[in-house]
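S.K.: Here is a sequence with its predicted model. Questions after.
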Amino acid sequence: MAAPGLACVRSLYLTHCNSLLRTFTFRHVHSSAFRDVNKSKNLNKYLLSNLTFGSVGIFSIYVAVKLKHARTVHASVESLGNEQNKPCAKLDVSSKTSKSLSSAKANPWHFDNLPSKQIRHDKEKPVNLTLYQYVTCPFCCKVRAYLDYYGINYNIVEVDSIKRTQTKWTSYSKVPILVCDGVGPDGFLEMNDSSMIISLLQSQRLGNADADLNKLLSFYPVIVSKSGRKTVYEYPNKYFLMYQDGAVDREMAELREEREWRSWVDNNLVHVLSPNAYRTLSESFESFHWFSEAGDWEKSMTSFSRYTCIYLGALVMWAIGGRLKRRYGLEDDVRQSLYKSVNEWLEGVGPSRKFMGGDNPNLADLAVYGVMSAIEGCQAFKDLSDNTNFMEWYTPMKKAVQGSEGLSHVAPSR
């Protein structure tokens, strides 16, 4: 139970967040002028000043009260132990500890993380996949697009981006993480990196549905290195499909094109998304509002974490968006960079093909759709729809993914 002082400060913090968000919402909805980059400067200054002084002040009080509360608790424990010169009684926790360890060993990947959502395309098929994700992470959206298109059942665990308690069980610090239960010597298989996950699952689908995922994973070795404090994971083969002993049923030129565009998505397209989603502070707040709605943050997060993520996350990502703009050499008006990338993709598909895969989407189509769906509720996506022909490709792709049309495409027999 939180101390009264902590509860008061938390309430003050949430009230401050809510007040600023209401002000932003009112001014954003009732004035279309704020959608213009040049005319949003006054709003940005207003929000930034309120955010800086309000958050820093309240957070400082919160930390001070929390430290005082911790010292009070520590003093209380010491007084209990020293009362009448009697030592504190030792608790027998051996049975609880052994029980906890045995439970963790029996189901080491779950750690009591109940699914935030259960996706069931076919109720008769078993469910042994769990996706740890941020709902609007482009790479997580890419994995979901693949799973949904092929009608694969899976559970979702929404990771709290502030506390990250749901992924404490693994040393891998990113999402998505896809876990397959009942595979491997430990009773589960952890799969990382969105492109590697998709290639691995597609290799199983094209080769043998009963193929050992653990064996297939060995075809995708990871190279771990350090870049300063950052741990870097590289999968050299992540865009390649492993047909194993089966015959390749596609032209090599098609496979090469698919690999090149999948790499383009990871190394080019995703880099224009953040600077556009967080182009101005007002658009950054609007984006985080949509993230909260799309991810059901009210259910998966505490109010404190949710408001912190929206309130401070909008400011942080607005600042990071500006840095990314400079790092990747985007145009001053980042919308133009977004339009350029999308038009490059549309030219690659060409006028004679419905999708890059022809009549049916291939892995490159699913990759582009997945990452672009991450900003579907943002102003950047609305502007994209109004200024390019992107929706002519995106709308049938969305229908194909949401309708699990990949289920009707039977994998070739081996």
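M.R.: Structure received.
S.K.: thinking residue 356 is in contact with residue 346, fair?
M.R.: No. Counting by Cβ atoms under 8 Å, residue 356 stays clear of residue 346, with 10.1 Å between them. All C-beta atoms are positioned from the backbone trio N, CA, C, and that covers glycine.
S.K.: Who has more neighbours out of the two?
M.R.: Neighbours per residue, other Cβ atoms under 10 Å: of residue 356 and residue 346, the larger number sits with residue 356, 22 against 17.
S.K.: how far away is that one from residue 151?
M.R.: According to Cβ to Cβ, to the nearest Å, residue 356 and residue 151 sit 21 Å apart.
S.K.: And residue 353, by the same measure?
M.R.: From residue 353 across to residue 151, the span is 24 Å (Cβ to Cβ).
S.K.: Kindly provide the distance from residue 227 to residue 263.
M.R.: Distance from residue 227 to residue 263, by Cβ to Cβ: 20 Å.
S.K.: quick one, which of the two is more surrounded?
M.R.: It is residue 263, of residue 227 and residue 263, that has more neighbours when counted by other Cβ under 10 Å, with 15 against 7.
S.K.: if I pick the nearest residue in space to that one that is not next to it in sequence, what's in contact with it?
M.R.: Once flanking residues are discounted, residue 263 sits nearest to residue 239: 5.8 Å by Cβ to Cβ, 6 or more residues apart in numbering. Counting by Cβ atoms under 8 Å, 6 or more residues apart in numbering, residue 239 makes contact with 195, 199, 259, 262, 263.
S.K.: Just the buried residues of these.
M.R.: Buried members of those, counted by 16 or more other Cβ atoms under 10 Å: 195, 199, 259, 262.
S.K.: so how far is residue 233 from the second one?
M.R.: The spacing between residue 199 and residue 233, counted by Cβ to Cβ, is 15 Å.
S.K.: Now do stretch 146-164: distance to the chain's middle.
M.R.: Taking Cα atoms, centre = their mean, to the nearest Å, the mean C-alpha location of stretch 146-164 is offset from the chain mean by 9 Å.
S.K.: quick one: which helix or strand includes the closest residue to residue 278 other than its chain neighbours?
M.R.: Nearest non-adjacent residue to residue 278, counting by Cβ to Cβ, 6+ apart: residue 321, 3.7 Å away. Assigned by DSSP states H and E, residue 321 belongs to helix 303-327.
S.K.: any idea how far that helix is from the chain center?
M.R.: Relative to its chain's centre, helix 303-327 lies at 14 Å (Cα atoms, centre = their mean).
S.K.: C-alpha coordinates for the following helix or strand past that helix, PDB please?
M.R.: Of the helices and strands lying after helix 303-327 in sequence (DSSP H and E), the nearest is helix 334-349. Below are the C-alpha coordinates for helix 334-349, written out as PDB (Å, rounded to 0.1, in the frame of the first residue of the first chain):
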ATOM      1  CA  VAL A 334       9.900  15.300 -43.100                       C
ATOM      2  CA  ARG A 335       6.500  14.600 -44.800                       C
ATOM      3  CA  GLN A 336       8.300  14.900 -48.100                       C
ATOM      4  CA  SER A 337      10.700  12.100 -47.100                       C
ATOM      5  CA  LEU A 338       7.700  10.000 -46.100                       C
ATOM      6  CA  TYR A 339       6.000  10.600 -49.400                       C
ATOM      7  CA  LYS A 340       9.300   9.800 -51.300                       C
ATOM      8  CA  SER A 341       9.800   6.500 -49.500                       C
ATOM      9  CA  VAL A 342       6.200   5.400 -50.100                       C
ATOM     10  CA  ASN A 343       6.300   6.400 -53.800                       C
ATOM     11  CA  GLU A 344       9.600   4.400 -54.100                       C
ATOM     12  CA  TRP A 345       7.700   1.400 -52.800                       C
ATOM     13  CA  LEU A 346       4.700   1.900 -55.100                       C
ATOM     14  CA  GLU A 347       7.100   2.200 -58.100                       C
ATOM     15  CA  GLY A 348       8.700  -1.100 -57.000                       C
ATOM     16  CA  VAL A 349       5.400  -2.800 -57.000                       C
END
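S.K.: Now do helix 334-349 against helix 303-327, angle only.
M.R.: 80 degrees (axes from the mean of the first three to the mean of the last three Cα atoms, to 10 degrees).
S.K.: mind listing what's buried in the next helix or strand after helix 334-349?
M.R.: Counting by DSSP H and E, the element after helix 334-349 in chain order, helix or strand, is helix 363-373. Using 16+ other Cβ under 10 Å as the burial criterion, the residues of helix 363-373 that qualify are 363, 364, 365, 366, 367, 368, 369, 370, 371, 372, 373.
S.K.: From residue 135, how far off is the residue lying closest to the fifth one once chain neighbours are set aside?
M.R.: The shortest distance from residue 367 to any residue other than its chain neighbours is 4.3 Å, reached at residue 265 (Cβ to Cβ, 6+ apart). Distance from residue 265 to residue 135, counting by Cβ to Cβ: 19 Å.
S.K.: quick one, phi/psi of residue 125?
M.R.: Backbone torsions of residue 125, given as degrees, to the nearest 10, read phi -90, psi 150.
S.K.: Was I right to think it contacts residue 119?
M.R.: No. Between residue 125 and residue 119 there is no contact under Cβ under 8 Å: 11.5 Å.
S.K.: Identify the contacts common to these two.
M.R.: Common neighbours of residue 125 and residue 119, using Cβ under 8 Å, 6+ apart, are residue 153.
S.K.: Those two: which is more packed in?
M.R.: Higher neighbour count among residue 125 and residue 119: residue 119, with 17 against 11, using other Cβ under 10 Å.
S.K.: Relative to residue 228, how far out is residue 194?
M.R.: Residue 194 is 23 Å from residue 228, by Cβ to Cβ.
S.K.: do residue 176 as well
M.R.: Look at residue 176 and residue 228: by Cβ to Cβ, they are 24 Å apart.
S.K.: same deal with residue 310?
M.R.: Applying Cβ to Cβ to residue 310 and residue 228 gives a distance of 29 Å.
S.K.: So between these two, which is more surrounded?
M.R.: residue 310 (22 against 6).
S.K.: Tell me if I'm right that that one and residue 290 touch.
M.R.: No. Counting by Cβ under 8 Å, residue 290 is not a contact partner of residue 310; they are 10.3 Å apart.
S.K.: hang on, the earlier thing: in terms of neighbours, single out the busier of residue 353 and residue 151.
M.R.: A count of neighbours by other Cβ under 10 Å puts residue 151 above the other of residue 353 and residue 151, at 17 against 13.
S.K.: show me what contacts the more buried one?
M.R.: Contacts of residue 151 by Cβ under 8 Å, 6+ apart are 121, 122, 404, 406, 407.
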